[in-house]
Structure formats: C-alpha cells, structure tokens
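In: Please find the sequence and the predicted model below.
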Amino acid sequence: MAQRKKKPMKRKKSSTHRDHELQSDDEEFEVAAGIKDDQDTSSRRLPRFPASSECVSDVELDTRELTRAQNKKKKKSGGFQSMGLSYPVYKGIMKKGYKVPTPIQKKTIPVILNGKDVVAMARTGNGKTAAFLIPMFEKLKAPQAQTGARALVLTPTRELALQTMKFTKELGKFTGLKTALILGGDSMDDQFAALHENPDIIIGTPGRLMHVIKEMNLKLQAVEYVVFDEANRLFEMGFAEQLQEIIRRLPDARQTLLFSATLPKMIVDFARAGLTEPVLIRLDVDTKLSDQLKLSFFHLRLDDKPALLLHLLRNVVKPQEQTVVFVATKHHVEHLKELLMVEGFECAYIYSALHQTARKINIGRFVHRKAMVLLVTDVSARGIDIPLLDNVINYNFPSKAKLFLHRVGRVARAGKKGTAFSLVCTDEVPYLYDLHLFLGRPIQLALPEHTQDSDDVFGCVPQSILDDEESQLLTAHENSLDLQNLRRISENSYKQYLKSRPNPSPESIKRVKNTDLSSIAVHPLLGSGLEPMELDRLLMVDTIKGYKAKSTIFEINSNNKMNASEVMRAKRSQDDRLVDKFSKVRAERIVEHTLPTVTRTEPQHNEDEQEDDELQVSNDSMQECSR
Ligand SMILES: Nc1ncnc2c1ncn2[C@@H]1O[C@H](COP(=O)(O)OP(=O)(O)OP(=O)(O)O)[C@@H](O)[C@H]1O
C-alpha cells in the first residue's frame with residue numbers, strides 16, 4: 001500500500017476552542033490527583049488542584065500554558081492515531097464516528113496488535129466489539145486468495161453475532177474483507193454457500209458452527225485469529241463441549257482472545273489450555289468512582305434548568321448537606337447566585353475573575369458551613385481546597401468524561417455517601433453516552449420499575465415540578481431588572497461557550513438520534529409520591545412536548561399537488577442533498593486531517609497514561625485472575 005505523507009495539520013480552531021483543550025489536559029492531571037486520593041481515604045481533604053492564579057478569566061489562558069499543554073498532549077496521545085493502524089482500518093473507525101478509543105479499546109488494541117493472547121474482563125457497553133475487530137482487520141489487512149477463513153469470532157447468541165456482523169461491515173468497510181455468518185435458525189444452504197465464497201472471517205454461534213464443520217468437513221487450518229466473545233455466557237449456555245472441539249481443530253500458531261464479564265474457574269481452566277501466556281486486562285473503572293456515589297441524570301430542556309436546580313436544592317438535597325454546583329461560565333455563576341439568594345438560599349460562589357479576597361471570603365463561608373451551596377466554573381474550581389462534599393450538581397453537563405470524574409471526585413469519600421445530579425438537555429445527551437462508554441457501563445433509561453435507590457438512571461422531569469418552580473422564577477425575574485440582565489448575559493455567554501465546547505463522538509450523536517428520548521420514564525427520584533395515573537398523564541404531556549413534525553402542514557397529504565406543497569418538497573430534497581454533501585465533506589476532512597502513517601509504529605505508553613486510564617493491564621497469572 002502506498003505510504004501517505006503525514007501533512008502538518010492546520011489548526012483552524014478558535015483560541016477559545018484551544019483553551020478548552022488546555023482545560024482538558026489539566027483535567028487529566030486533576031483526575032490523576034483524584035485517584036491518588038482514592039487510595040488514601042483517611043485524608044479528610046482532597047489534594048489541592050493546580051493554582052488558578054494564572055487564569056485571567058474562565059476562557060482566557062496564558063499562551064505559554066497553551067503550548068505546554070499542546071506538547072504534553074502530543075506526547076501522551078492515546079488516540080486511534082497513535083496505534084499505527086493502516087489507512088483502510090483507520091478510515092473505517094473515523095467513518096463509524098469514533099473519536100477517541102474507549103478505555104477497553106485503549107488498553108487491549110495495542111496489546112493485541114503486538115500479537116499477544118488476551119483475556120479481557122469487561123462488561124457490556126464499553127466498546128469491546130471494536131476492541132477485537134480493529135486489530136483483527138489490521139492483522140488480516142485485505143482479502144486473500146487462499147482457501148479458508150483466517151479469523152473466527154464465537155458469540156453465545158444470535159443477536160450478539162448479528163450485532164458483531166453489523167460492526168464488522170461498518171468498521172471494516174474499507175478493508176474489503178469478506179465475512180460469513182453461521183447461526184442457528186438460518187438456512188443451512190445459505191450458510192454453505194457463504195462458506196464456499198471463501199470468507200476471511202467467520203462469525204457464529206458454537207452449536208451451529210460445529211454442525212456446519214461436520215456437515216461440510218470444514219477445515220479451520222487457516223485460522224490465525226480467534227475471539228471468544230462473552231465467554232461467561234458461552235459457558236453458561238452449555239457450549240463448553242463445542243468450544244473444546246472447535247479449539248482442537250484450530251492450528252497451534254494462532255492468536256486467541258477471550259472477552260468475559262466474569263472469570264469463573266471453568267473459564268480460567270479453558271483459557272489456560274487454549275491460550276498461550278495470555279495478558280490479563282481488567283476494566284477497573286469502578287475504583288475511579290466511589291462506590292458510595294450515586295449518579296442521577298435528568299433529561300430536560302435547557303430553559304428548565306433553573307427550575308430543576310431550585311427543586312433539587314429545596315426538595316431533594318437535605319438541609320444539612322453541602323452541594324457544589326458546576327456551571328458553564330462565570331455569567332451563569334452570577335445569574336444563579338442572584339437567583340438563589342432571591343429564593344432564600346445562602347450560597348457562596350467563585351469564578352476565576354473574582355478578586356482573590358472575595359474568593360477567600362466565599363470559600364471560607366462554604367468551608368465554615370455558612371453557605372451550603374457553592375457555585376463554581378470548572379476553571380475556578382481548580383486550586384481551591386474544600387472539604388469533602390455531599391453532592392455535586394452538574395448544571396451544565398461536562399463535555400469530557402474525565403471532567404465529570406474530576407467534578408465528582410470530592411463527593412462520597414471517606415466512607416460518606418453522596419450524589420452527583422446531572423441536568424442533561426438534549427444536545428448534551430451524546431456526552432452522557434460518551435461518559436458511559438468511558439465508565440464501561442450501559443446507560444439505564446428510566447423505567448417505571450426503577451426505585452429511589454436505583455443508581456445511574458437517566459430519567460425525565462415531571463412537568464408539574466417544573467411548572468411550580470417556573471411560576472416562582474417568573475415572578476422573581478419580573479421583580480428584578482438585575483436578574484433579567486444577568487439572565488440575558490448568561491444566555492449570550494452560553495452561545496459563546498457552545499462554540500468552544502469540544503464535540504461528542506459522532507457515533508454517540510447517532511446513537512442518541514436513534515433513541516426515543518420522549519419515551520423515558522420519570523426519574524425515580526422525582527416520581528415518588530406521584531400516583532400511577534398522574535405519572536401516565538405526565539408522560540403523555542412530555543410526549544406531546546417532545547413531538548416534532550416530520551413535515552410541514554403543506555405536505556400533510558402526500559398526493560397534494562398544491563404549489564406550496566411542491567415548493568416545500570423541492571426545498572426539503574434540496575436541503576437533504578446539501579446536508580448529505582456537507583456531512584460527507586466533513587467526514588473526509590476529519591479522516592484527512594488525522595491520517596496516520598501507514599507503517600506500524602509501536603503504540604505509545606507513558607506513565608501518565610497508565611495512571612489516568614481505568615484499565616490495568618497486567619501479566620498476572622491466570623491463577624491470580626481467578627481470585
Ligand atoms: N470509541 C468509541 N467511540 C464512540 N462510540 C463507540 C466507541 N466504541 C464503541 N462505541 C459504540 O458504543 C456502543 C456500545 O459498543 P459495543 O456494543 O461494542 O459495546 P459492548 O461492550 O460490546 O456492549 P454489548 O455487549 O452491549 O454489545 C456501540 O454503539 C458502539 O458503536
């Protein structure tokens with residue numbers, strides 16, 4: 001394959017965007033600090049964060065810092081780019097909309113690319129499918145004329161096999177590799193035909209695969225890459241015998257990977273026999289979040305955030321609890337500080353442009369419990385030394401998972417319980433998906449069965465709660481010109497903030513589009529005390545509120561030949577073409593700008609990365625992993 005010269009990347013981002021990136025680098029430092037604290041829970045106070053005295057404002061930072069941060073970023077790049085992938089593989093990843101590798105991908109892909117056998121302990125929802133598909137494409141590279149599949153992926157269920165097939169097609173789109181799907185329940189003739197076409201990859205369930213192997217006298221001698229996906233379920237479903245039989249037919253010189261949510265003795269024994277000196281990779285994210293920390297995510301409109309904030313502080317947070325509220329800009333701090341004071345809350349506040357003395361006074365009020373609420377921006381929260389907290393409220397959802405960890409790092413420590421409430425409006429939902437990929441947990445959309453104790457639930461807010469608070473808010477603003485001005489300024493600054501906010505991964509945007517957010521049930525924390533009929537009514541109101549017409553009133557009847565109807569249809573198709581064209585150009589630009597060199601470089605590792613990733617690669621013996 002022709003080598004592509006790596007063009008120097010033109011930086012087109014605005015300075016505010018770069019500032020954001022700078023912020024994220026610092027965040028990584030802060031998270032690392034937070035983790036250390038994890039290990040020393042006896043300490044009452046969290047370590048100090050880097051001093052913020054150099055920060056002029058929340059969005060303007062020193063250029064020397066910027067350069068330092070950029071250099072640091074280059075050095076510790078743990079992205080897909082630094083994995084030394086070939087162009088067709090990399091292009092597939094970009095096209096699929098993955099921006100950065102998930103923790104399991106970051107840890108497993110380099111090890112697999114190094115040719116090692118791997119046992120990875122991972123639950124669902126963390127991107128493990130791509131973790132074994134990407135190195136598989138890299139290993140197989142392109143279709144080969146020789147007979148016999150070179151990769152075999154075994155999954156416990158038909159659904160999982162279909163999903164893996166879908167990902168193989170999407171991610172491996174530019175490799176040209178052929179895949180056959182061998183599943184129970186499908187026509188044997190079709191499967192024989194698929195195998196006669198000399199596929200590079202076979203994805204299948206063990207029972208039917210074994211059957212086909214015998215019927216066709218299928219040889220697996222060309223197989224060089226084998227994956228046992230969800231191995232715990234493969235065994236639970238009674239496939240042990242078929243797996244042993246399949247493994248006996250495979251050549252010794254192969255690379256074998258085993259992904260499993262748990263590692264019971266049976267799987268450990270199987271791995272000992274079937275894998276050669278496997279590297280054990282464990283996803284240990286839970287240690288990053290305190291197990292005493294409860295996460296609650298509320299879906300609402302941006303305009304409803306002040307109302308929910310008031311409701312949470314009045315009715316959900318207990319009076320003796322201390323809460324830090326993270327907002328997007330200093331203007332939000334100023335507006336909400338005024339609003340909370342009008343509503344009778346004692347609150348402290350800090351933002352980086354605030355005079356040093358005022359900052360000290362405010363922190364002092366919070367530390368001495370004169371104020372139970374502290375309003376902060378991410379930048380201003382650095383360098384402050386505050387006690388352990390009961391709650392954090394993410395008024396604006398963080399655009400990076402590590403920033404989320406940093407914000408909640410002071411809650412639920414030293415044996416105390418705590419909650420992180422997050423107010424998530426629709427354009428922030430993709431960040432919530434990215435966060436869950438990072439945490440290695442699937443998102444739980446609220447269901448009527450969820451109870452107040454349910455953790456990590458994403459639910460909606462009953463309109464009645466918002467209505468109550470909003471009528472108060474209206475009066476407060478009508479009576480105060482100050483409040484009106486502060487609100488207007490914070491709304492304007494939010495527009496600027498949005499321009500500089502890093503994008504979520506395009507794949508998460510796609511997943512959100514495919515989710516019916518209007519059907520999420522009321523969050524269990526907000527639905528208690530409501531009769532089932534009332535809950536149904538609220539759900540109906542929310543569905544009506546979230547209704548978006550797919551066409552205009554002129555196009556109601558598809559046979560309508562009226563002028564207005566035809567104009568609308570013509571405009572729609574023209575707009576669709578433009579949007580398509582724009583998306584294609586943008587996707588291609590992303591691929592070009594971030595094109596890796598074709599030659600494989602050794603994946604970069606450094607200590608920083610080791611410290612702030614949530615996986616631990618270890619060469620522990622299989623004995624150890626069974627403990
Ligand atoms: N690096 C990434 N960036 C953004 N989205 C990703 C990334 N990796 C995977 N995803 C997406 O996350 C979702 C979950 O991934 P995947 O299905 O591989 O997880 P999993 O751990 O195999 O879970 P499951 O067992 O439910 O299949 C998919 O929609 C996938 O496309």
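Out: Ah, there it is. Residues are numbered from 1 along each chain as shown.

In: only C-alpha atoms for contact and neighbour calcs from this point on.
Out: OK.

In: burial count for the closest residue to Met237 other than its chain neighbours?
Out: Excluding its sequence neighbours, the residue lying closest to Met237 (C-alpha to C-alpha, 6 or more residues apart in numbering) is Pro156, at 7.2 Å. Using other C-alpha atoms under 10 Å, Pro156 has 23 other residues around it.

In: likewise Leu432?
Out: Number of residues near Leu432 (other C-alpha under 10 Å) recorded here: 25.

In: do the same with Ile489
Out: 15.

In: Just the pLDDT at the residue in the stretch 501-627 of the chain that the ligand sits nearest to, thanks.
Out: Evaluated by C-alpha to the nearest ligand atom, the stretch 501-627 of the chain has Glu507 as its residue closest to the ligand, separated by 5.0 Å. Glu507 carries a pLDDT value of 95.

In: Give me the secondary structure label for it.
Out: State at Glu507, reduced to three classes by DSSP: H, G, I helix; E, B strand; the rest coil: helix.

In: what's near enough to touch the closest residue to it other than its chain neighbours?
Out: Spatial nearest neighbour of Glu507, chain neighbours left out: Gly97 (4.4 Å); criterion: C-alpha to C-alpha, 6+ apart. Gly97 makes contact with 505-508, according to C-alpha atoms under 8 Å, 6 or more residues apart in numbering.

In: what about Gly97, distance to Ala131?
Out: Using C-alpha to C-alpha, to the nearest Å, Gly97 is found at 15 Å from Ala131.

In: Okay, now the unreliable bits of the stretch 301-450 of the chain?
Out: 383 (pLDDT under 70).

In: change it to 90
Out: Counting by pLDDT under 90, the stretch 301-450 of the chain contains low-confidence residues at 351-354, 356, 379-389, 402, 409-417, 438-443, 447-450.

In: can you give me the helices in it?
Out: 305-311, 330-342, 356-367, 401-408, 429-439 (DSSP state H, counting those that start in this stretch).

In: Let's have those in TSV, adding distance to the ligand.
Out: Converted to TSV, these look like this (distance: least, C-alpha to the nearest ligand atom, whole Å):
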stretch	distance to the ligand
helix 305-311	27
helix 330-342	30
helix 356-367	38
helix 401-408	12
helix 429-439	6
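
In: To Ser471, which of those helices lies closest?
Out: Comparing these by their distance to Ser471 (C-alpha to C-alpha), the top pick is helix 305-311, with 9.1 Å.

In: list the helices and strands the closest one packs on?
Out: helix 463-478 (3 or more C-alpha pairs under 8 Å, 6 or more residues apart in numbering; DSSP states H and E).

In: avg pLDDT for the helix it packs on?
Out: pLDDT averaged over helix 463-478 gives 89.

In: For it, list every residue counted as buried.
Out: Using 16 or more other C-alpha atoms under 10 Å as the test for burial, helix 463-478 gives 463, 466, 469-470, 473, 476-477.

In: Stretch 291-306 now?
Out: By neighbour count on 16+ other C-alpha under 10 Å, the buried set for stretch 291-306 is 293-300, 304-306.

In: now it, how far from the centre of its chain.
Out: Offset of stretch 291-306 from its chain centre (C-alpha atoms, centre = their mean, to the nearest Å): 16 Å.

In: before we move on, what about stretch 125-134?
Out: With C-alpha atoms, centre = their mean as the basis, stretch 125-134 stands 13 Å off its chain's centre.

In: Show me what it is in contact with.
Out: Here stretch 125-134 makes contact (C-alpha under 8 Å, 6+ apart) with 89, 102-105, 108-109, 112, 122, 164, 167-168, 171-172, 227, 257, 259, 436-442.

In: Could you list which of these belong to helices?
Out: 89, 103-105, 108-109, 112, 164, 167-168, 171, 436-439 (DSSP state H).

In: which one among those residues gets closest to Val424?
Out: Ranked by distance to Val424 (C-alpha to C-alpha), the ones in helices among the contacts of stretch 125-134 are led by His436 at 13.8 Å.

In: Now do the helices in the stretch 151-300 of the chain.
Out: Along the stretch 151-300 of the chain, the stretches classed as helices by DSSP H, counting those that start in this stretch are 158-171, 188-196, 206-216, 231-236, 240-249, 265-274.

In: show me where pLDDT drops low in the stretch 501-627 of the chain?
Out: Scanning the stretch 501-627 of the chain for pLDDT under 90 picks out 516-522, 526-573, 576, 579-627.

In: Leu339: which of the helices of the stretch 151-300 of the chain is closest?
Out: For those, distance to Leu339 was read as C-alpha to C-alpha. The smallest value, 48.5 Å, belongs to helix 158-171.

In: Near the ligand, which residues of the chain? Just list them.
Out: Applying C-alpha under 6 Å from any ligand atom, one finds that the chain approaches the ligand through 98-102, 124-130, 505, 507-508.

In: 5 Å instead?
Out: 98, 101-102, 124-129, 507 (C-alpha under 5 Å from any ligand atom).

In: give the contact list for the closest residue to Leu140 other than its chain neighbours.
Out: Closest residue in space to Leu140, ignoring its immediate chain neighbours: Arg150 at 7.3 Å, by C-alpha to C-alpha, 6+ apart. Contact analysis of Arg150 by C-alpha under 8 Å, 6+ apart lists 140, 200-201, 222-225.

In: Keep only those of the residues you listed that are in strands.
Out: Among the contacts of Arg150, DSSP state E puts 201, 225 in strands.

In: Put together CSV for the contacts of Arg150, with neighbour count, pLDDT and distance to Gly176 on each row.
Out: Shown next, in CSV, are those (neighbours: other C-alpha atoms under 10 Å; pLDDT from 0 to 100; distance: C-alpha to C-alpha, whole Å):
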residue, neighbour count, pLDDT, distance to Gly176
Leu140, 17, 93, 10
Asp200, 26, 95, 10
Ile201, 27, 96, 11
Ala222, 17, 93, 18
Val223, 22, 95, 18
Glu224, 20, 95, 18
Tyr225, 24, 97, 17
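
In: which two in the contacts of Arg150 are spaced the farthest apart?
Out: Taking C-alpha to C-alpha, the two most distant members of the contacts of Arg150 are Leu140 and Ala222; they sit 11.5 Å apart.

In: Grab the most central residue of this protein for me.
Out: Asp434 (1.6 Å; C-alpha atoms, centre = their mean).

In: Near the closest residue to that residue other than its chain neighbours, how many other residues are there?
Out: Setting aside the residues directly before and after it, Asp434 is nearest to Ser508 in space (C-alpha to C-alpha, 6+ apart), at 6.5 Å. For Ser508, the count of nearby residues is 20 (other C-alpha under 10 Å).

In: returning to that earlier point: buried subset of the residues of the chain next to the ligand?
Out: By neighbour count, with 16+ other C-alpha under 10 Å, those hold 98, 101-102, 125-129, 507 as buried.

In: Mind putting those into JSON lines with distance to Glu555?
Out: Shown next, in JSON lines, are these (distance: C-alpha to C-alpha, whole Å):
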{"residue": "Tyr98", "distance to Glu555": "37"}
{"residue": "Pro101", "distance to Glu555": "43"}
{"residue": "Thr102", "distance to Glu555": "43"}
{"residue": "Gly125", "distance to Glu555": "40"}
{"residue": "Asn126", "distance to Glu555": "42"}
{"residue": "Gly127", "distance to Glu555": "41"}
{"residue": "Lys128", "distance to Glu555": "44"}
{"residue": "Thr129", "distance to Glu555": "42"}
{"residue": "Glu507", "distance to Glu555": "31"}
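
In: Minimum pLDDT in those residues, which residue is that?
Out: Looking at those by pLDDT, the weakest one is Gly125, with 80.

In: show me what contacts the residue lying closest to that one once chain neighbours are set aside?
Out: Excluding its sequence neighbours, the residue lying closest to Gly125 (C-alpha to C-alpha, 6+ apart) is Pro442, at 4.8 Å. By C-alpha under 8 Å, 6+ apart, Pro442 lies in contact with 124-126, 436.

In: Which one of those residues is nearest to Asp390?
Out: His436 (22.4 Å).

In: Relative to Ser519, how far out is that closest one?
Out: 20 Å.

In: Also Asp186?
Out: Computed with C-alpha to C-alpha, the distance linking Asp186 and Ser519 is 33 Å.
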